[in-house]
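In: take a look and give me a structure for this.
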Amino acid sequence: MRFELAIALRYLLSRERERSLSLITAVAVGGVALGVGALVVALSVMNGYQANMVRAMAGALPHLSVIPPEREGFHDAGAVRAALEAHVQPVGVSPFLLQEALVSNPKAPGAPVQGVMLRGVEPAAESAVTDFLVFLSDGSPDWGSRPLEARLAGARRVLARLEPETEPGVHPILLSPTLAKKLGVGPGEALVPLAFPRRGEGFSPVPAAGRLRVAGYFETGILAFDELVVLIHVGAIERIYPANRKGYSLGVRLAEPLQAGRVAGELRALPMLGGERFLIYSWLESNRSLFRVIELQKVMLFIVLMLIVVIAFFGIVGALVMLVIDKSREIAVLKSLGARDGSVRLIFFVEGVLIGVVGTLIGLGVGLAVCWALDSFALIEIPPGVYPGSDRIPVLVSWADLALVAAGTMAISLGATVYPAIKAMRLPAVNGLRYS
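Out: Numbers count the residues shown, from 1 in each chain. Model prediction:
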């Protein structure tokens, strides 16, 4: 192998006379490096987006939801909690209640009406179940840059504002700055909840009982969530919409959110929680289509960008074929001195491998450097809501992806050596000496 490697390195590095051949080889190496670098950056950005999405959604939603039959509630909530704690060992359990509603700001021009989803929670228990990416206690834009402990302490303080007030008929709420801007409402201002009229009372929504006072802001980074959800005390929903009274559900937070699907399946198999008594689902199951789309996009992106490496395949073939033609005399001399056909074939096989290795290493280096720059500096301004919880392009380098890219690139490089190596092996020594 030392003999074949020495000859292959000499052919690659000795380029004083064959400048055009050196250029072709450099182009082949550059094509491989370009494809590898593009793949590393693209896959890392997709991984970062998926990780941000998981972090945002796992913080904004309970990892597991246990929903009793409609309007029945839990006949024995204590036994259900005990079953959950015995089989799941959750980080936290909190009741919640969802209610579709219309709200209006009578002081805003035109009194805009907006459809929202009221999410009733118990503030003390909710802080152990949901972990929103950003809580804005005072609307300060730098809240997200504060230390984690400060944000968590602020989140508990903000959730505490949902406790019922002494003023009758006034219910504190938390909403996102995006929704507040749509409704034209600010801190301390009130919204009017609307209810659909009963049969025979007309078609226009009518004011419901009470008012909704803005007590603070929250933000998840998921635009669809922030534009729709309003946090309120679970008891306030029952007072505002007594005709729609229904049993509350339980939200469960796990130590490992990505295990929620498996845990939900195990709970459904329990006699006390399974069957048709309760609806149990995980946040992964309710957003399955979204994550499937992300995975499909990642696969398609890998296939499309791998075409750059496939194009480099032809460059490697061209460079090696030109090298075989240019080195026909040297090949003839080697064969005349006793070199076997297998050794000649191995020389050009090593040539292709070296081109692939050099191109792959350069591409990995360039791709990782670009990923570091994107992660360290705000090189590209990102509009809010594009990437959850981030104002810059998220980057997450996966070693498994790097290994997959390197393996795929080397496989293509090895395939490019087959034809030139066979051509060199079959080159007659007599012809090489005769026409040299």
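In: would you map out the domains in the protein?
Out: The chain breaks down into these structural domains: 2-56+291-434, 91-253 (assignment by automatic domain parsing).
In: turn the ones you listed into TSV, including mean neighbour count and distance to residue 269.
Out: C-beta here means a position set from N, CA and C on the backbone, and glycine is covered the same way. Conversion of the domains of the chain to TSV gives the following (neighbours: other CB atoms under 10 Å; distance: least, CB to CB, whole Å):
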stretch	mean neighbour count	distance to residue 269
domain 2-56+291-434	18	24
domain 91-253	17	16
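In: nearest to residue 280, out of those?
Out: domain 91-253 (9.3 Å; CB to CB).
In: count the neighbours of residue 90 for me.
Out: One way to gauge burial is a neighbour count; for residue 90, by other CB atoms under 10 Å, it gives 22.
In: wait, isn't it in contact with residue 252?
Out: Yes. Between residue 90 and residue 252 there is a contact at 4.7 Å, judged by CB atoms under 8 Å.
In: mutual contacts of these two, please.
Out: 64, 84 (CB atoms under 8 Å, 6 or more residues apart in numbering).
In: hmm, back to that, want to throw the domains of the chain into TSV with mean pLDDT and distance to residue 268?
Out: Shown next, in TSV, are those (pLDDT from 0 to 100; distance: least, CB to CB, whole Å):
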stretch	mean pLDDT	distance to residue 268
domain 2-56+291-434	79	20
domain 91-253	78	13
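In: tabulate these (JSON lines), appending distance to residue 85.
Out: Rendered in JSON lines, the data for the domains of the chain read as follows (distance: least, CB to CB, whole Å):
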{"stretch": "domain 2-56+291-434", "distance to residue 85": "25"}
{"stretch": "domain 91-253", "distance to residue 85": "7"}
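In: nearest to residue 266, of those domains?
Out: Put simply, out of these the one that sits nearest residue 266 is domain 91-253, at 12.4 Å, with distance taken as CB to CB.
In: okay, now the closest one: how far is its last residue from its first?
Out: By CA to CA, to the nearest Å, the extent of domain 91-253 from end to end equals 5 Å.
In: and it, how far out from the chain's middle?
Out: 27 Å (CA atoms, centre = their mean, to the nearest Å).
In: I'd like the next helix or strand past the strand ranked longest in the chain.
Out: Ranked by residue count and defined by DSSP state E, the top strand of the chain is strand 92-104. Per DSSP states H and E, strand 92-104 leads on to strand 113-121 as the next helix or strand towards the C-terminus.
In: which residues touch that following strand?
Out: Taking contacts as CB under 8 Å, 6+ apart, the residues outside strand 113-121 that touch it are 94-104, 130, 159, 162, 175, 179, 182-183, 194, 205, 228-238, 248.
In: mind listing the helices for the stretch 1-150 of the chain?
Out: Secondary structure of the stretch 1-150 of the chain (DSSP state H, counting those that start in this stretch): helices located at 2-13, 19-60, 77-87, 123-126, 148-160.
In: so which of those helices gets nearest residue 166?
Out: For residue 166, the closest of those is helix 148-160, at 15.0 Å, according to CB to CB.
In: immediately after the closest one, which helix or strand?
Out: Under the assignment DSSP H and E, the closest C-terminal helix or strand after helix 148-160 is strand 170-175.
In: any idea which helix or strand comes after that next one?
Out: Proceeding C-terminally, strand 170-175 gives way to helix 177-183 as the next helix or strand, assigned by DSSP H and E.
In: please name every helix or strand in contact with that next one.
Out: Helix 177-183 is packed against strand 113-121, strand 211-219, helix 223-226, with contacts defined by 3 or more CB pairs under 8 Å, 6 or more residues apart in numbering; DSSP states H and E.
In: just the C-alphas of the last one, formatted as CSV.
Out: Listed in CSV are the C-alpha atoms of helix 223-226, where the atom choice follows Å, rounded to 0.1, in the frame of the first residue of the first chain:
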residue,chain,number,x,y,z
LEU,A,223,-46.9,33.1,16.4
ALA,A,224,-50.1,30.9,16.0
PHE,A,225,-50.2,30.4,19.8
ASP,A,226,-49.5,34.0,20.7
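In: what are the contacting residues of whichever helix or strand comes after it?
Out: Scanning forward in sequence from helix 223-226, with DSSP H and E defining helices and strands, the next element found is strand 229-233. Outside of strand 229-233, the residues that reach it under the criterion CB under 8 Å, 6+ apart are 60, 101, 103, 116-123, 159, 162-164, 171-176, 179, 212, 218.
In: all good on my end, thank you.
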